[in-house]
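Chemist: Predicted coordinates and the sequence they were generated for:
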Amino acid sequence: MANDGPAAVDMTPVTALHIHPSDNVATAIADLDAGTDLSIGGINLRLADQVARGHKVALVPIAKGAPVIKYGFPIGLATADIEPGAHVHSHNLATALSGAGDYHYEAPEAAQTHPSSKTFEGYVRADGRVGTRNEVWIIPTVGCVGNLAARVARIAGTRHAGRVDGVHAFKHPFGCSQLGDDLGHTRALLAALAQHPNAGGVLIVGLGCESNQLAPLLEGIAPERRVSIRTLSAQAVEDDEAACLALVDELVDACADTPRTEVPLSKLVLGVKCGGSDGLSGLTANPLVGRMADAVAAANGKVILTEIPEIFGAEQMLMERAVSRDVFDATVALVQDFKQYFIRNGEPVSENPSPGNIAGGITTLEEKSLGAVQKGGKAPVVDVQRYGGEASLPGLTLLEAPGNDAVSSTALTAAGATVILFTTGRGTPLGFPAPTLKIASNSPLAQRKAGWIDFDAGQVLDAGFDDSADALLDLIAATASGMPTKAELNEERDIAIWKSGVTL
């Protein structure tokens with residue numbers, strides 16, 4: 001299933017892009033009126049319909065039941081005969097996905113790499129990991145003490161302004177009335193966050209009577225990392241606020257003098273994510289982020305890709321890059337387990353894209369997935385981690401988490417991502433514990449929502465991928481060295497936990 005992908009596209013200014021030679025559709029990069037004449041891929045045609053930016057137009061006749069091809073792969077089946085110049089979308093195209101797939105392993109060819117000499121200024125921790133921020137985090141075990149944690153963070157943040165990069169509390173509604181694996185998910189996620197290298201110190205605040213007790217949560221934290229962690233049970237002290245503030249003061253004193261040190265790109269852990277995608281996301285922003293993934297992986301750094309339901313239909317592209325049969329088998333199990341999760345709950349595996357995706361020109365899950373996996377570049381898939389797990393190997397790690405923006409971005413942070421690249425065609429203000437760079441797939445979004453967007457990937461349509469990649473890598477290094485993201489400036493710092501079980 002070899003595919004050169006969007007990087008092979010001739011980016012000479014045009015009104016529509018023909019991505020792969022075998023594609024029978026092209027994607028509009030501007031709003032096009034019916035009657036517009038186009039010359040695409042050696043084909044001359046006149047538009048029969050109005051086609052919005054990000055939407056598809058047929059280049060050749062496509063018979064009912066025949067595959068519609070984009071990115072060099074089928075993105076679904078035509079539900080009616082489609083003439084050249086016609087708009088191709090949900091009125092005449094439907095998914096072909098159903099149930100579990102059948103996968104076959106083939107050993108991958110060795111990839112050629114070109115390591116970058118890029119460096120950044122990070123915080124080197126005792127275990128050798130490197131943070132991009134030096135913050136104190138307050139993590140509640142249960143929703144009941146979330147407001148206490150937030151209040152303490154506000155007071156301590158003012159008290160210690162300038163001594164650390166920030167004091168932040170991460171409220172959530174869980175930790176009580178949970179059972180089995182559902183409770184285990186919450187516990188694993190919080191334990192992973194408590195070990196993050198961007199946190200120079202962590203206060204874990206419990207209530208005392210919750211399901212998510214402090215002792216078993218601490219068992220999920222490596223003993224050598226507990227040195228920078230303090231705990232408090234609010235029911236066990238008279239003045240819980242004062243007790244929390246005293247512990248935060250202690251944590252700040254312990255980490256405030258940690259210096260930034262120049263380190264190579266290999267010390268970066270990059271999380272890659274898309275949300276509010278449009279028809280250009282898979283042509284501009286996602287493949288540009290894929291180049292960042294390749295740069296970090298080539299430098300011996302770590303890259304994490306998640307949103308497993310949003311690779312359905314494109315999973316083989318990742319499986320064929322598995323470095324071993326064990327990694328291939330783990331990838332198959334991850335994908336199949338997630339499909340069974342949908343089926344157990346009576347939902348089709350193709351219950352995607354979202355209304356916003358559809359408005360932006362994405363018709364089927366296959367199309368969305370083929371665009372989404374571009375974020376992983378061509379880096380070898382070296383490991384598979386379940387929810388709450390940590391990326392530990394250089395290269396691309398697949399992480400179990402759903403597509404939901406907040407849940408998956410929190411999971412990326414918990415897995416160790418010290419910078420997250422979040423591509424979007426529609427825009428979102430959300431921010432997460434790790435610095436999150438918002439990358440617009442199109443220039444109108446970047447201009448209209450300048451308070452949300454950190455980088456305009458729409459520029460690749462004019463400047464090309466090489467110059468845009470250099471600019472984005474410079475921005476990543478600056479962000480890792482302390483330059484705040486738009487989400488950080490807007491104080492958008494939240495977590496969300498995957499709720500998958502019964503609530504008592």
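Modeler: Done, it's in.
Chemist: contacts, neighbours, all on C-alpha from now
Modeler: OK.
Chemist: Count the neighbours of residue 149 for me.
Modeler: Residue 149 is flanked by 26 other residues according to other C-alpha atoms under 10 Å.
Chemist: and it, that's in a helix?
Modeler: Yes: with DSSP: H, G, I helix; E, B strand; the rest coil as the criterion, residue 149 is part of a helix.
Chemist: Quick check on the closest residue to it other than its chain neighbours: phi, psi?
Modeler: For residue 149, the nearest residue in space outside its immediate sequence neighbours is residue 169; the separation is 5.6 Å by C-alpha to C-alpha, 6 or more residues apart in numbering. Dihedral pair for residue 169: phi -110, psi 140, per degrees, to the nearest 10.
Chemist: and for stretch 210-221, what are the contacting residues?
Modeler: 141-142, 175-178, 183, 187-188, 190-192, 194-195, 206, 231 (C-alpha atoms under 8 Å, 6 or more residues apart in numbering).
Chemist: Just say helix, strand or coil for residue 439.
Modeler: Per three-state DSSP, residue 439 ends up strand.
Chemist: how far away is it from residue 457?
Modeler: 6 Å (C-alpha to C-alpha, to the nearest Å).
Chemist: Those two: which has the busier surroundings?
Modeler: residue 457 (32 against 29).
Chemist: Wait, that one touches residue 441, no?
Modeler: Yes: between residue 457 and residue 441 there is a contact under C-alpha atoms under 8 Å: 5.2 Å.
Chemist: check contacts around residue 256.
Modeler: Taking C-alpha under 8 Å, 6+ apart, we find residue 256 in contact with 134, 163, 164.
Chemist: Is it possible to get the residues you listed out as TSV so that each row also shows pLDDT?
Modeler: Shown next, in TSV, are these (pLDDT from 0 to 100):
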residue	pLDDT
134	98
163	97
164	98
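Chemist: So which other helices or strands are in contact with the helix ranked longest in the chain?
Modeler: In the chain, assigned by DSSP state H, the helix with the most residues is helix 325-344. Judged by 3 or more C-alpha pairs under 8 Å, 6 or more residues apart in numbering; DSSP states H and E, helix 325-344 is in contact with helix 315-319, strand 381-385.
Chemist: Common neighbours of residue 457 and residue 441, please.
Modeler: 284, 285.
Chemist: Isn't residue 240 up against residue 234?
Modeler: Yes: look at residue 240 against residue 234 with C-alpha under 8 Å: they come within range, at 5.4 Å.
Chemist: Can you name the element that comes right after the helix or strand where residue 293 lies?
Modeler: Per DSSP states H and E: residue 293 is located in helix 285-298. The C-terminal neighbour of helix 285-298 among helices and strands, as given by DSSP H and E, is strand 302-305.
Chemist: and for that next one, what are the contacting residues?
Modeler: So strand 302-305 is in contact with 266-273, 293, 296-297, 375-376, 391-399, 412, 415, 417, going by C-alpha under 8 Å, 6+ apart.
Chemist: Could you report the neighbour count for the residue nearest to residue 149?
Modeler: There are 26 residues near residue 169, going by other C-alpha under 10 Å.
Chemist: Give me the pLDDT value at it.
Modeler: Residue 169 carries a pLDDT value of 98.
Chemist: residue at max distance from the center of this protein?
Modeler: Distance to the chain centre peaks in the chain at residue 238, reaching 41.8 Å (criterion: C-alpha atoms, centre = their mean).
Chemist: Within the helices and strands, which one has that one?
Modeler: Short version: residue 238 belongs to no helix or strand, going by DSSP H and E.
Chemist: Residue 271 now?
Modeler: strand 269-274.
Chemist: partners of that strand in the sheet?
Modeler: Applying DSSP bridges, strand 269-274 is found paired with strand 302-305 (parallel), strand 419-424 (parallel).
Chemist: Tell me how far the first one lies from the chain's centre.
Modeler: It stands for strand 302-305. Counting by C-alpha atoms, centre = their mean, to the nearest Å, strand 302-305 is centred 9 Å from the centre of its parent chain.
Chemist: Outside of stretch 184-191 itself, list whatever touches it.
Modeler: Contacts for stretch 184-191 (C-alpha under 8 Å, 6+ apart): 139, 141, 174-175, 212, 217-218, 220-221, 387-389, 411, 414, 497-499.
Chemist: Next step: those restricted to helices.
Modeler: 217, 218, 411, 414.
Chemist: Count the neighbours of the last one for me.
Modeler: Under the neighbour criterion other C-alpha under 10 Å, residue 414 is assigned a count of 27.
Chemist: swap in the third one?
Modeler: By other C-alpha under 10 Å, the residues close to residue 411 number 33.
Chemist: Next: residue 475.
Modeler: Other residues close to residue 475 by other C-alpha under 10 Å number 17.
Chemist: Extract the C-alpha trace of stretch 308-327 and format it as CSV.
Modeler: Provided in CSV are the C-alpha atoms of stretch 308-327 (Å, rounded to 0.1, in the frame of the first residue of the first chain):
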residue,chain,number,x,y,z
ILE,A,308,-7.5,5.1,17.2
PRO,A,309,-11.1,5.3,15.8
GLU,A,310,-9.8,8.0,13.4
ILE,A,311,-7.4,5.6,11.7
PHE,A,312,-10.1,3.1,10.8
GLY,A,313,-9.8,2.6,7.1
ALA,A,314,-6.1,3.7,7.0
GLU,A,315,-4.7,1.4,9.7
GLN,A,316,-2.8,-0.7,7.2
MET,A,317,-0.6,2.3,6.4
LEU,A,318,0.6,2.2,10.0
MET,A,319,0.7,-1.5,10.3
GLU,A,320,3.1,-1.8,7.4
ARG,A,321,5.6,0.4,9.2
ALA,A,322,5.6,-1.8,12.4
VAL,A,323,9.3,-2.6,13.2
SER,A,324,8.5,-6.1,14.2
ARG,A,325,5.8,-8.8,14.2
ASP,A,326,5.2,-8.1,17.9
VAL,A,327,4.5,-4.5,17.2
